[in-house]
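>>> test case, fold it:
(chains A, B, C, D and E)
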Amino acid sequence: MLHIEFLTDLGAKVTVDVEHENQLLDVQRHYGRLGWTSGAVPTGGYQFPLDNEPDFDWSLIGARKWTSPDGEELVIHKGHAYRRRELEAVDSRKMKLPAAVKFSRGAKSTDPEHLREKADGEFEYVTLAIFRGGKRQERYAVPGGARPAAQSARPAPARAQAAARPAPVAVVDEETPF
Amino acid sequence: MLHIEFLTDLGAKVTVDVEHENQLLDVQRHYGRLGWTSGAVPTGGYQFPLDNEPDFDWSLIGARKWTSPDGEELVIHKGHAYRRRELEAVDSRKMKLPAAVKFSRGAKSTDPEHLREKADGEFEYVTLAIFRGGKRQERYAVPGGARPAAQSARPAPARAQAAARPAPVAVVDEETPF
Amino acid sequence: MLHIEFLTDLGAKVTVDVEHENQLLDVQRHYGRLGWTSGAVPTGGYQFPLDNEPDFDWSLIGARKWTSPDGEELVIHKGHAYRRRELEAVDSRKMKLPAAVKFSRGAKSTDPEHLREKADGEFEYVTLAIFRGGKRQERYAVPGGARPAAQSARPAPARAQAAARPAPVAVVDEETPF
Amino acid sequence: MLHIEFLTDLGAKVTVDVEHENQLLDVQRHYGRLGWTSGAVPTGGYQFPLDNEPDFDWSLIGARKWTSPDGEELVIHKGHAYRRRELEAVDSRKMKLPAAVKFSRGAKSTDPEHLREKADGEFEYVTLAIFRGGKRQERYAVPGGARPAAQSARPAPARAQAAARPAPVAVVDEETPF
Amino acid sequence: MLHIEFLTDLGAKVTVDVEHENQLLDVQRHYGRLGWTSGAVPTGGYQFPLDNEPDFDWSLIGARKWTSPDGEELVIHKGHAYRRRELEAVDSRKMKLPAAVKFSRGAKSTDPEHLREKADGEFEYVTLAIFRGGKRQERYAVPGGARPAAQSARPAPARAQAAARPAPVAVVDEETPF
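You can find the predicted model right below:
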């Protein structure tokens, strides 16, 4: 048996038992849709292969896509809104980096020091995830190639609760586009 | 099975087993009425939809309403008293924020740095919760539309203990109203 | 079932299963008598009602009374000795505080910053507990109105071990009386 | 029964039950191959006997060998690439140190202070592991004297998942060779 | 049932179930012999009665005695070597301290600030344990009055593993004697 530790949408520390190892990602998807997260965002953000970006299942990390009133596609994670930004490949003498897609937001005064990354000038930002290089992992994709309602290993009441999930409370700050 | 980790009113670290996912909020209400909390207050405070403010169930986060001898309605959380404060909507060129209700208190010298927020001048404060935007969540409301004595998933001894709950030990400091 | 996490007298992290919620305080008393503690001392010390001070059961927080060779009644907690000090009520225009009893010690160079409180001059101290205001809680009292040998929910071997409990290793530093 | 706590390749906190003490290293190998780690890298890096270096089983600490496009053998751990470096024995009047093999990388701005070690000039680096002195431990070696596909105490689905393990997402920065 | 949390010799976080309270110290001895530790060394070091020093069972805290090539008796804990040092009693007007035996080492640049203690001049050191005052506790002694091979509550395979325990990888730095 496995046990996965979450921080719920209410900030509570809750551990969930998982019968079999191969149910783990489904359990993460299930609770991730409720906004529950497990572990902290790694410094510099989660790293995924670039080919996983188009249909990445954001519920795996407790995040979700959200279209702002202005029609912009954002990713909401723990009440913060992250913008999508494409990074071109770098091929200089000092550094060789393939193209990437990054989801980031402007840093807030309450963000801890180790999450803030310097940009040009005084500007600081926080990265949720970066998709770069690597080889596509099917298990990171939205199951069924779309955003299905089913696919959860959980019983009906849970899904009902998922349906009742709050609309974004988070007010999307007008951030400097970066 | 799920397991929720609390800090009790005596500061002990106690984990409680929860049979079914749909009992989780009831367990949080039950122990929250004893002043037990799970997880830390998020930086900047808990975020809830504005429409949940009038009948928000404070036991969900281990807090409760308390009327001071002066007749002021306060929220008590972990021995601290928080005042209610209405924030008007902001609609400037730089920022767009809907109206909100905030529960906050003046910062104390022993509060950790990341919880202190700057106000005008030298004044610093700590936010417990902010109600802003979003869509009302029924599950955050006091069950039954009022503050009922029952509704707990727990047996009688527990309720008895809840009844024996201490009157506020906390002495409400005379804080600058903010 | 509940599970309570302790730091033993040897500094080990040990979790104890508790069958029923109403056995929790007895389990805390039992292991507290061995010097085990659960959770950290809150910043500013534990807060209890003033009326609980005369017969407070210090085993609830892993502490105990100890009479020094000079006949002074001290409270020993995690190898530190705390002195009892009565605080008079404050009733000024700026602050209104009822009378209190405080157990505190002089700060040591190895105490973490957030536990040190400033006194007059350069002197710093650390508070274990403050008894002030509130309404007496029977459950915080020594069971039976005295310091009984029995009353534990545990079997005999455990009591034997409790009996073998070390005399205070802690050397009571000559502290500035405060 | 034992329980081992991991941080998964997705950064989730997952505990795995282990029936018998003698299965623990196999479980660490199994999940280590998926990039899961348990505990933090000790300050100054893991310490192993020098004679374990040639066939050390990197899966024990959630790492693995990887040959870069340039043909260099690196060790990948949590998305970072570490270079192998041989240290000669030191035998001066001030210090006596046997020969060693060290796996280290240049420090990044987001590395926490306590992991950064000073080298010549302004250069800082982070050590994953150091092999020095001691007596070879068979239990640290790749089982079977090679890098076998089987040897796991786990059922087939798990191995299948291991096979699907991502190619290194990590882009190997052009680091100063040290 | 109890559960004790260890950091293994490989740095992994492993919890071990303990059937009965009176088996706890045996379990600590058993895993301590493998170099596993539970909890952190307290600030200022573990405190034990002076009369426990001659036959103290160092496996209780995951340490062990080791005779250096120079014939010096050291205590090895988590790869660090600690020297034995006798402290005379202090009986001045400002301080009254009975005689003690201390196990300490010079501080290293990677030691966290709160563990470093100031000595004369610029010299800093770290204390593992101090034996002073108090009353001898039989349960802290090596079982059988000597350093027995058996005495473990564990089955044979575990003992075999203990036998295979690594010789000290740690290179004993030439420290300033203090």
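>>> measure the residue lying closest to residue A:107 once chain neighbours are set aside to residue D:111 for me?
Distances taken as CB to CB, 6 or more residues apart in numbering or on different chains put residue A:124 closest to residue A:107, at 3.9 Å, once the chain neighbours are dropped. Bear in mind the C-beta positions are built from the backbone N, C-alpha and C, glycine included. According to CB to CB, to the nearest Å, residue A:124 and residue D:111 sit 17 Å apart.
>>> what of residue A:79?
Residue A:79 is 27 Å from residue D:111, by CB to CB.
>>> which secondary structure element is home to residue A:104?
Secondary structure from DSSP states H and E places residue A:104 in strand A:100-106.
>>> which residues touch that strand?
Residues outside strand A:100-106 that contact it (CB atoms under 8 Å, 6 or more residues apart in numbering or on different chains): A:45, A:50, A:53, A:75, A:80-87, A:123-133, A:173, A:175-176, A:178.
>>> and these, which are buried?
A:45, A:50, A:53, A:75, A:80-83, A:124-133 (16 or more other CB atoms under 10 Å in any protein chain shown).
>>> tell me the contacts of whichever residue of chain A sits closest to chain E?
Using CB to the nearest CB, the single residue of chain A nearest to chain E is residue A:3, 10.6 Å away. Residue A:3 is in contact with A:15-18, B:3, D:3, D:14-17, counting by CB under 8 Å, 6+ apart.
>>> which residue ranges of chain A form strands?
Under the criterion DSSP state E, strands of chain A are mapped to A:2-7, A:13-18, A:46-48, A:63-67, A:73-77, A:80-87, A:90-91, A:96-97, A:100-106, A:117-118, A:124-132.
>>> of those strands, which is nearest residue D:29?
Comparing the strands of chain A by their distance to residue D:29 (CB to CB), the top pick is strand A:2-7, with 16.7 Å.
>>> okay, the angle between the closest one and strand D:13-18?
The directions of strand A:2-7 and strand D:13-18 differ by 160 degrees, with axes from the mean of the first three to the mean of the last three CA atoms, to 10 degrees as the criterion.
>>> next, the buried residues of strand A:2-7.
A:2-7.
>>> in these, find the pair that's most separated.
Using CB to CB, those reach their maximum pairwise distance at A:2 and A:7, which is 17.7 Å.
>>> could you break chain A into its assigned domains?
A:1-39, A:41-150 (automatic domain parsing).
>>> got CSV for those, with mean pLDDT too?
What follows is these, written out as CSV (pLDDT from 0 to 100):
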stretch, mean pLDDT
domain A:1-39, 97
domain A:41-150, 87
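>>> just name the most buried of those.
Compared across the domains of chain A, domain A:1-39 shows the largest average neighbour count, a mean of 20 (mean count of other CB atoms under 10 Å in any protein chain shown).
>>> from the opening residue of that one to its closing one, how far?
With CA to CA, to the nearest Å applied, domain A:1-39 spans 19 Å between its terminal residues.
>>> picking that back up, how big is the angle separating the strand holding residue A:104 from strand A:80-87?
Using the same axes, to 10 degrees, one finds that strand A:100-106 and strand A:80-87 are set 140 degrees apart in direction.
>>> sheet-wise, list the partners of strand A:100-106 with their directions.
strand A:80-87 (antiparallel), strand A:124-132 (antiparallel) (DSSP bridges).
>>> now distance to residue E:105 too, for these, in JSON lines please.
Listed next are the strands paired with strand A:100-106 as JSON lines, based on distance: least, CB to CB, whole Å:
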{"stretch": "strand A:80-87", "distance to residue E:105": "45"}
{"stretch": "strand A:124-132", "distance to residue E:105": "40"}
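>>> could you check how far the spatially most central residue of chain A is from chain D?
Centroid-nearest residue in chain A, with CA atoms, centre = their mean: residue A:63, separated by 4.3 Å. According to CB to the nearest CB, to the nearest Å, residue A:63 stands 12 Å off from chain D.
>>> give the contact list for the residue in chain A positioned nearest to chain C.
Going by CB to the nearest CB, chain C is nearest to residue A:15 of chain A, at 10.6 Å. Contact analysis of residue A:15 by CB under 8 Å, 6+ apart lists A:3-6, B:2-5, B:15, D:15.
>>> mind doing that once more with 6 Å?
A:3, A:5, B:3 (CB atoms under 6 Å, 6 or more residues apart in numbering or on different chains).
>>> excluding its backbone neighbours, what's nearest residue A:136?
residue A:51 (3.7 Å).
>>> now do the one you found against residue A:133, distance only.
9 Å.
>>> got phi/psi on residue A:89?
phi -60, psi 150 (degrees, to the nearest 10).
>>> grab the nearest non-local neighbour of it.
The shortest distance from residue A:89 to any non-neighbouring residue, by CB to CB, 6+ apart, is to residue A:99 (4.5 Å).
>>> over to residue A:24?
Going by CB to CB, 6+ apart, residue A:24 has residue A:18 as its nearest residue, at 5.5 Å.
>>> the one you found: what's it in contact with?
Under the contact definition (CB under 6 Å, 6+ apart), the residues listed for residue A:18 are A:2, A:4, A:24, A:27.
>>> what's across from it in the sheet?
Applying DSSP bridges, one finds that residue A:18 bridges with residue A:2.
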